[in-house]
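Asks: Predicted model follows, preceded by the sequence.
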Amino acid sequence: MPSFKTLDDLPADLTGKRILVRADLNVPMAGARVADDTRLRAVLPTIEELAAKGAIVLLLSHFGRPKGENRPDMSLAQLVQPLTRLTGRSVRFIEDCAGPEAERGVATMLPGNIGVLENTRFHDGEEQNDRQLAQSMAALGDFYVNDAFSAAHRAHASTEGLARLLPAFAGRSMERELAALDRALGSPERPVAAVVGGAKVSSKLAVLGHLAQKVDHLIIGGGMANTFLAARGVDVGKSLYEKDLLGEAEAIFETTAQSGCTIHLPYDVVVAKDFAPHPTSLRTCNVHEVAQDEMILDIGPAAVEALGDVLKTCRTLVWNGPLGAFETPPFDAATVALAKTAAALTQSGSLVSVAGGGDTVAALNHAGVAADFSFVSTAGGAFLEWMEGRVLPGVAALG
């Protein structure tokens, strides 16, 4: 695990110190209302702790993709009220995140105040990690805290450049995330299982290649399992699979054979002739009995039970992606059943379970077990890049 400083390493008395906190306030909106405030809640412990110590807390974030334009519909001004409600403190909006306007706004703030600076992506230089922009941001603060793991895979001015210019620390959410990820793949208790699902092998080729060398059991589900089955000579009927990636699937089989990792593919599957909720053509069959006009849409119950038995032998689980087309019932059954098994093992103390990625969070919420996992990351791209074994610039800059 990379060494980095946390809020514990800041001076005990922060009265009047200006702290630039990189948060991820890029929340989904329904009109003028925040549709999901998970990301706002994630940064609350850091805000509360710093404000309580007398710091002037200055929140930096991107919002949407304005591409350097000043877009009122992407202004962070709309998050002042939600943050005021959540913190129970007065939150002020500052109309820029760098330059004279920002400096004027910050100069009037008092110890314990919270300010939301305008969208960092209103500046072209943000996504280019422009040093001049980073220096202009750095002039506003005494310390820098990164509490946005979900943006840590991007080397932007507010995530990487700024961390090189001010004393840099991990916020509580970032610290928790990095500790959980280290427990999952950095220095895990073995045996380790990984569940990787989703539609396409192409989107997770690097993830599978990395995990094949790191884990003891690699459980492959979703549409990507069809590509691996086809690579093994199984006729998958009219199932979705990637014909041009059969060679890559074969290479992953070879990697796991060399590293001692066991790949688990379904041997019974749920099939239908039409992809629709509760189709009349629904049936469960052996994987070698899929008809030409049928498609595999979920893993079968016998395979799910066997996978549950695998998890019972493991100490650590990393999960990314559903096992079937879980948005459409009854093709959510395998994902729900295995998630419940993993949750029960976690609650009994025999398994450390770490999950992440948008679809995964939705699937675990759907199964009603997200709160029972050891840690669920809301990060999408950053979580995937971490699973690929890549260095995340926003994390590396804290070292």
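Replies: Here it is on my side, so go on.
Asks: My reading is that Ala334 lies in a helix. Confirm?
Replies: Yes - according to DSSP: H, G, I helix; E, B strand; the rest coil, the state of Ala334 is that of a helix.
Asks: okay, now it: neighbour count?
Replies: For Ala334, the number of neighbouring residues by other CB atoms under 10 Å comes to 27. Using the backbone N, CA and C atoms, a C-beta is placed for each residue, glycine as well.
Asks: correct me, but it touches Ile219?
Replies: No - here Ala334 does not reach Ile219: they are 10.7 Å apart, not a contact under CB atoms under 8 Å.
Asks: All the helices of the stretch 151-300 of the chain, residue numbers only.
Replies: Assignment of helices within the stretch 151-300 of the chain using DSSP state H, counting those that start in this stretch yields the ranges 172-181, 205-211, 222-231, 246-259.
Asks: Show me the shaky parts of the protein.
Replies: The chain contains residues with pLDDT under 70 at 1-2.
Asks: Can you give me the domain assignment for it?
Replies: Recorded structural domains for the chain (assignment: automatic domain parsing) are 7-172, 188-387.
Asks: Next one: Tyr241 from Met387, what distance?
Replies: The span separating Tyr241 from Met387 equals 22 Å under the rule CB to CB, to the nearest Å.
Asks: Next: Leu229.
Replies: Per CB to CB, Leu229 is found 22 Å from Met387.
Asks: Arrange the helices of the stretch 151-300 of the chain in CSV, one row each, with distance to Gly324 and mean neighbour count as further columns.
Replies: Rendered in CSV, the data for these read as follows (distance: least, CB to CB, whole Å; neighbours: other CB atoms under 10 Å):
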stretch, distance to Gly324, mean neighbour count
helix 172-181, 26, 22
helix 205-211, 18, 20
helix 222-231, 7, 24
helix 246-259, 19, 15
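Asks: Switch these over to TSV; also include distance to Asn320.
Replies: Putting these into TSV (distance: least, CB to CB, whole Å) gives the following:
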stretch	distance to Asn320
helix 172-181	12
helix 205-211	7
helix 222-231	10
helix 246-259	15
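Asks: And these: which comes nearest Glu294?
Replies: Comparison of the helices of the stretch 151-300 of the chain against Glu294 by CB to CB identifies helix 222-231 as nearest, at 11.8 Å.
Asks: Counting by contacts, list what that closest one packs against.
Replies: Packing partners of helix 222-231 (3 or more CB pairs under 8 Å, 6 or more residues apart in numbering; DSSP states H and E): helix 246-259, strand 295-299.
Asks: Let's see that with 10 Å instead.
Replies: For helix 222-231, the contact count by 3 or more CB pairs under 10 Å, 6 or more residues apart in numbering; DSSP states H and E identifies strand 192-196, helix 205-211, strand 217-220, helix 246-259, strand 262-264, strand 268-272, strand 295-299 as packing neighbours.
Asks: Can you lay out the ones you listed as CSV showing distance to Ala155?
Replies: What follows is these, written out as CSV (distance: least, CB to CB, whole Å):
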stretch, distance to Ala155
strand 192-196, 26
helix 205-211, 18
strand 217-220, 30
helix 246-259, 28
strand 262-264, 34
strand 268-272, 42
strand 295-299, 38
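Asks: Relative to Thr341, which of those is closest?
Replies: strand 192-196 (11.0 Å).
Asks: What pairs with that closest one, parallel or antiparallel?
Replies: On the basis of DSSP bridges, the sheet neighbours of strand 192-196 come out as strand 217-220 (parallel), strand 316-320 (parallel).
Asks: quick one, it and helix 222-231 angle?
Replies: Our comparison of strand 192-196 with helix 222-231, counting by axes from the mean of the first three to the mean of the last three CA atoms, to 10 degrees, yields an angle of 100 degrees.
Asks: tell me how far strand 192-196 is from the chain's mean position?
Replies: Between the centre of strand 192-196 and the centre of its chain there are 16 Å (CA atoms, centre = their mean, to the nearest Å).
Asks: same check, this time on stretch 122-140
Replies: Per CA atoms, centre = their mean, the displacement of stretch 122-140 from the mean C-alpha position of its chain is 25 Å.
Asks: Leu398 is in contact with Phe4, correct?
Replies: Yes - with contact taken as CB atoms under 10 Å, Phe4 and Leu398 are classed as touching, separated by 4.0 Å.
Asks: quick one: contacts for Gly321?
Replies: Residues in contact with Gly321 (CB atoms under 10 Å, 6 or more residues apart in numbering) are 195-199, 203-204, 207, 220-224, 335, 355-360, 363, 384.
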